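Asks: test case, fold it:
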Amino acid sequence: VSTGTLARARELVQDFPEELREGANSISAEMLTSLGDAVADLRRNVLGTLEASGRRRTHYLGRFREGIKHVGLRFRASLARAADFLTRILGSPVRFLFRKREESGTDHLPSGVANPEQEGKAKEASLPHAYRMLFSSEPVPSPELLVGRGQSLARIAAALRRVSAGHPASVAVVGPPGSGRSSLVRVARDSVLSDIPSYVFPLEPGMDERSLARALGQRLGVRNPESLVQLESALSARTEPVAVIIDDVSALFCRAPSGMRTLVSLGRLITATSDKVLWIVTIVDPLWRYLMCIGRIPQSFNEIIHLKPLGPKEIEELIVARHDLSGYRLEYAPISFRARIGAFFQRPGRGRSYEHHLVFRRLAQVSGGIPELAILSWQRALEETGDGRLRVGEPWKPVVMPIVQEDLDALATLATILLQKVLHSVDHSRVFGWDLDKSERMLLILQQRGWIESVPISDPRIDHGYRVVPALRMLVYGALRDLGLLS
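Replies: Residues are numbered from 1 along each chain as shown. So this is what the prediction gives:
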């Protein structure tokens, strides 16, 4: 208002004589400047007052929240004490109903069992052999059994279209153990890559550059290459695209002599020929992060597929797709009163019982969305009842930490096997500086505990090696990661 009044006064001043007009204009300008300063001071004072009141309000709200939280904790503690009192009178059902939230997420350790993994293996072995074959941890043989990876297959198909158009494209498939990296690339070979020649190379631990070059050259029509560089000119001269899938590229460099040099040479070959060859490699998540830190091979790939955990519906689809091939019928054990109350407001879906709904929801929780662990937990929740029926109990997560948590030698050995894939006693003794007998004893102890299994190896001087049981890789990986050994 004041500014408008001064502007109107300026218009009236124009009718004054010239000698008065200059003085009036200077006075008007001074008044406008003073008015602007006054408005700025007023704005600062108002905002300062509001800010101070805001801080006071935030402070009081924070204290109010703390008070409410404190009251809630005391109320919960009172309920827990009341539950304990009622339990002594009415028995265990009340304790189960009022048990604390923290208890529901703990690992299941059967009472009186020294090694729960032995009990889990016994449940697996009790199932029919044909049923166990359907739920094998090997890569899936058909697209119908690959669940939740449609978007990843579409990205591989898009990379193929770029290579077919003469543009460079290369793919890295990254995921935790048991997430289905090998299954994805094999299904991609038989589906989205079926129109072009494609080759899968499962690498052996410790393979050097010459062996890798020979293996690639044998499939790609290059005679006796001594190094990966010698493949470059032949691959660059191709007129038709080809897909080369290297499954588990970490076998090249993880504790392999000159392994990092081989990896760098492979990265250069991928970069130089990615407009003619669709390169697809798989690698476990912690080793990919390691390569990112040292700045090596990741820059050779322009399409990186991180496999995400599956959701509850996808886990159910994964299990049902395999089970439907078995011909067995399922019957679900009655669920507890507490679980039924918890599921009362959740619609299980048309044609599904509450038991069916809760089993698969629990299965997604204990597996963390990892397909291999979901398959393991499903098998251990089953019991054959005869007459072509399988009874489904509540799935539980296999226990790892109570067995190896305080054994540092066992933890270090498990971490080494997990990253190296296969370990034998001679190599173990070199890594840890032990004598051969002590290394063999440690590996036998882990085998007896059920975490590793013996496998044949190509070295004729050594009888066998050891690897982590495939279905348990994700559990061991998670336990070591939580302890900071794989961060």
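Asks: and Val187, what does it touch?
Replies: Counting by CB atoms under 8 Å, 6 or more residues apart in numbering, Val187 touches 140, 142-143, 146, 149, 153. To be clear about C-beta, it is placed using only N, CA and C from the backbone, and glycine gets the same treatment.
Asks: how near is Trp396 to Val264?
Replies: 45 Å (CB to CB, to the nearest Å).
Asks: now for the chain, the helix or strand with the poorest mean pLDDT.
Replies: Here the helix or strand of the chain ranked lowest by mean pLDDT, DSSP states H and E is helix 92-98, holding a mean of 42.
Asks: which residues does the closest residue to Tyr328 other than its chain neighbours form beta bridges with?
Replies: Spatially, and ignoring its direct neighbours in sequence, Tyr328 is nearest to Leu390 (5.1 Å; CB to CB, 6 or more residues apart in numbering). Residues in a beta bridge with Leu390, per DSSP bridges, are Leu330, Glu384.
Asks: for the top strand by length along the chain, packing partners?
Replies: Assignment by DSSP state E gives strand 277-284 as the longest strand of the chain. Using 3 or more CB pairs under 8 Å, 6 or more residues apart in numbering; DSSP states H and E, the elements in contact with strand 277-284 are helix 150-164, strand 170-175, helix 181-190, strand 242-247, helix 259-273.
Asks: quick one: which of these is nearest Leu228?
Replies: Nearest to Leu228, of all the helices and strands packed on strand 277-284, is helix 259-273, at 4.4 Å by CB to CB.
Asks: by contact count, what packs against the closest one?
Replies: Checking 3+ CB pairs under 8 Å, 6+ apart, helix 259-273 ends up next to helix 209-220, helix 229-236, strand 277-284.
Asks: tell me the most buried of these?
Replies: Neighbour counts (mean count of other CB atoms under 10 Å) averaged over each of these peak at strand 277-284, with a mean of 26.
Asks: give me the contact list for the helix or strand just after that strand.
Replies: Following strand 277-284 in sequence order, the next helix or strand is helix 285-294 (DSSP states H and E). For helix 285-294, the surrounding residues in contact (CB under 8 Å, 6+ apart) are 172, 174-176, 250, 254, 283, 297-298, 419, 477, 481, 486.
Asks: rerun at 6 Å
Replies: 174, 176, 250, 297-298, 486 (CB atoms under 6 Å, 6 or more residues apart in numbering).
Asks: and for stretch 464-484?
Replies: So stretch 464-484 is in contact with 137, 176-178, 370, 372-373, 376, 398, 400-401, 414-415, 417-418, 422-424, 443, 452-457, 486, going by CB under 6 Å, 6+ apart.
Asks: one more time with 7 Å, if that's ok
Replies: 137, 176-178, 370, 372-373, 375-376, 398, 400-401, 411, 414-415, 417-418, 421-424, 443, 447, 450-457, 486-487 (CB atoms under 7 Å, 6 or more residues apart in numbering).
Asks: restrict that stretch to CA atoms and write it as CSV.
Replies: Output of stretch 464-484 as CSV, limited to C-alpha atoms (Å, rounded to 0.1, in the frame of the first residue of the first chain):
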residue,chain,number,x,y,z
HIS,A,464,39.3,-85.0,-4.5
GLY,A,465,38.4,-81.5,-3.5
TYR,A,466,35.6,-79.9,-1.5
ARG,A,467,32.9,-77.3,-2.3
VAL,A,468,30.1,-75.7,-0.3
VAL,A,469,26.9,-77.7,-0.6
PRO,A,470,25.1,-75.8,-3.4
ALA,A,471,21.8,-75.4,-1.6
LEU,A,472,23.6,-73.9,1.4
ARG,A,473,25.8,-71.4,-0.4
MET,A,474,23.5,-68.5,0.2
LEU,A,475,23.3,-69.2,4.0
VAL,A,476,27.1,-69.5,4.3
TYR,A,477,27.5,-66.3,2.2
GLY,A,478,25.0,-64.4,4.4
ALA,A,479,26.6,-65.6,7.6
LEU,A,480,30.1,-64.6,6.5
ARG,A,481,28.8,-61.3,5.1
ASP,A,482,27.1,-60.4,8.4
LEU,A,483,30.3,-61.1,10.2
GLY,A,484,32.1,-58.7,7.9
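Asks: that one: which residues count as buried?
Replies: 465-469, 471-480 (16 or more other CB atoms under 10 Å).
Asks: Glu394 touches Leu363, doesn't it?
Replies: No - the criterion here is CB atoms under 7 Å, and Glu394 misses it with Leu363 at 9.3 Å.
Asks: what is the one helix or strand Gln448 maps to packed up against?
Replies: Secondary structure from DSSP H and E places Gln448 in helix 436-449. Packed against helix 436-449 by the contact rule (3 or more CB pairs under 7 Å, 6 or more residues apart in numbering; DSSP states H and E) you find helix 408-420, helix 425-432, strand 452-455.
Asks: model confidence over the shortest one, on average?
Replies: Along strand 452-455, the predicted local confidence has a mean pLDDT of 85.
Asks: mind listing what that strand pairs with, with the direction of each?
Replies: strand 465-468 (antiparallel).
Asks: give the rounded mean pLDDT of the partner strand.
Replies: 86.
Asks: next structured bit after it?
Replies: Trace forward from strand 465-468 with DSSP H and E and the next one is helix 473-482.
Asks: now do that next one, average pLDDT.
Replies: Mean per-residue pLDDT for helix 473-482: 73.
Asks: again, but for stretch 152-162
Replies: Mean predicted confidence for stretch 152-162 is 94.
Asks: ok, now stretch 223-238?
Replies: 89.
Asks: same thing with stretch 245-265?
Replies: Stretch 245-265 carries an average pLDDT of 79.
Asks: restrict that stretch to CA atoms and write it as PDB.
Replies: C-alpha atoms of stretch 245-265 as PDB (Å, rounded to 0.1, in the frame of the first residue of the first chain):
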ATOM      1  CA  ILE A 245      28.700 -67.300 -22.300                       C
ATOM      2  CA  ILE A 246      31.400 -67.600 -19.600                       C
ATOM      3  CA  ASP A 247      29.800 -69.000 -16.500                       C
ATOM      4  CA  ASP A 248      31.400 -67.900 -13.300                       C
ATOM      5  CA  VAL A 249      34.300 -65.700 -14.500                       C
ATOM      6  CA  SER A 250      35.600 -65.500 -11.000                       C
ATOM      7  CA  ALA A 251      37.300 -68.900 -11.600                       C
ATOM      8  CA  LEU A 252      39.800 -67.000 -13.800                       C
ATOM      9  CA  PHE A 253      41.300 -64.800 -11.100                       C
ATOM     10  CA  CYS A 254      40.200 -66.100  -7.600                       C
ATOM     11  CA  ARG A 255      43.500 -67.400  -6.200                       C
ATOM     12  CA  ALA A 256      44.700 -68.400  -9.600                       C
ATOM     13  CA  PRO A 257      48.300 -67.800 -10.700                       C
ATOM     14  CA  SER A 258      48.400 -64.800 -13.100                       C
ATOM     15  CA  GLY A 259      44.600 -64.800 -12.800                       C
ATOM     16  CA  MET A 260      44.200 -61.000 -12.900                       C
ATOM     17  CA  ARG A 261      46.400 -60.800 -16.000                       C
ATOM     18  CA  THR A 262      44.100 -63.300 -17.700                       C
ATOM     19  CA  LEU A 263      41.100 -61.300 -16.600                       C
ATOM     20  CA  VAL A 264      42.500 -58.100 -18.000                       C
ATOM     21  CA  SER A 265      43.200 -59.800 -21.300                       C
END
